[in-house]
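Visitor: Got a sequence here, can you model it:
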Amino acid sequence: MHLLRCSYTKNGPRALLADEHIIPEGLNGAAVLPEASCQICERRINEAESHLLSTTLMPARAFLQMQSKRPGKRPKQFPIYDASQMPRRRVMVDAGDYPAALYLPVFPPPGALCLLPWRPFVMLPPFMYYLRDTVKEVCAKYGVGSVSPPMLGVHHLCRLVAKIAHGFGVAHFGLDNLDYLLRPLILGEPDQNVFWFIGNDPPEPPSESLHEVQVQVHRTTMLIVARVRLFAKYGAPAYRVIVGRPTASTPAL
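Guide: All right, here's what the predicted structure looks like:
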């Protein structure tokens with residue numbers, strides 16, 4: 001599907017459009033919307049996406065040898081923080097020793113699906129899965145008393161999940177067949193009620209797929225909802241994301 005318009009602003013022309021990975025290439029995403037992002041939107045999205053991929057998710061990406069535009073420049077060390085000292089002491093740990101983990105936020109269901117006009121910020125205990133559990137060895141080798149959990153990067157992750165849901169919706173329905181709701185959140189515009197749009201499903205067992213994305217109609221609200229589950233293979237949480245409202249031209253699911 002060649003959109004020939006920006007999937008966020010619906011603007012052209014074709015010569016100024018870039019391809020848009022639905023799931024980032026840096027997470028081994030392969031599906032692409034060709035010529036689907038204008039230069040302004042591409043820059044704003046890449047700022048948030050690159051920050052998340054190079055910080056919170058970088059140790060897991062390096063351990064799993066995920067795609068990188070500069071594989072020869074992967075970090076040789078990653079920081080951990082010694083929680084036994086105040087202020088916390090920053091310690092650089094060799095990549096081969098680092099306790100690579102998936103650390104993802106978990107939220108209640110989206111406010112829109114609970115028929116709430118507004119959802120306050122509420123976080124449940126985060127998901128954490130060690131791809132390589134070397135915490136005890138690192139503490140002994142580097143003189144660390146207690147390892148503090150990494151930063152969650154909640155806002156950047158929500159923007160990423162929203163972008164994946166939007167892109168999958170556009171690929172499934174087309175650009176003109178749905179009233180899309182996520183553009184301001186994806187582009188980082190202020191005063192967005194993130195948790196009205198994004199929440200979590202109950203925990204699920206690991207699946208065989210690395211990532212999973214589906215769309216469905218929520219029968220109570222008739223909203224189009226995406227289920228986005230990154231790192232499903234490792235039991236990571238599934239995010240429920242409000243993609244948009246059906247219109248007269250929306251095809252049946």
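Visitor: Count the neighbours of Asn198 for me.
Guide: You called it Asn, but residue 198 is Ile. 28 (other Cβ atoms under 10 Å). Every C-beta, even on glycine, is put in place using the N, C-alpha and C of the backbone.
Visitor: And it, how far from Val241?
Guide: Using Cβ to Cβ, to the nearest Å, Ile198 is found at 5 Å from Val241.
Visitor: Need the overlap of contacts for these two.
Guide: Pro110, Val161, Ala162 (Cβ atoms under 8 Å, 6 or more residues apart in numbering).
Visitor: Helix or strand for the last one, just tell me which one.
Guide: Element membership of Ala162, judged by DSSP states H and E, is helix 154-173.
Visitor: Now the next helix or strand after that helix: buried residues?
Guide: Next helix or strand after helix 154-173 toward the C-terminus (DSSP H and E): strand 178-180. Buried residues in strand 178-180, counting neighbours by 16 or more other Cβ atoms under 10 Å, are found at Leu178, Tyr180.
Visitor: Direction included, what does strand 178-180 pair against?
Guide: strand 239-246 (antiparallel) (DSSP bridges).
Visitor: Give me the mean pLDDT for the partner strand.
Guide: The pLDDT scores in strand 239-246 average 97.
Visitor: again, but for stretch 78-86
Guide: 91.
Visitor: and if you look at stretch 29-48?
Guide: Over the span of stretch 29-48, the pLDDT mean works out to 93.
Visitor: what comes up buried for it?
Guide: Gly29, Val32, Leu33, Glu35, Ala36, Ser37, Cys38, Cys41, Glu42, Arg44, Ile45, Ala48.
Visitor: Surely the last one and Arg159 touch.
Guide: Yes - taking Cβ atoms under 8 Å as the contact criterion, Ala48 and Arg159 are neighbours in contact, 4.8 Å apart.
Visitor: which neighbours do those two share?
Guide: In contact with both Ala48 and Arg159: Gly188, using Cβ under 8 Å, 6+ apart.
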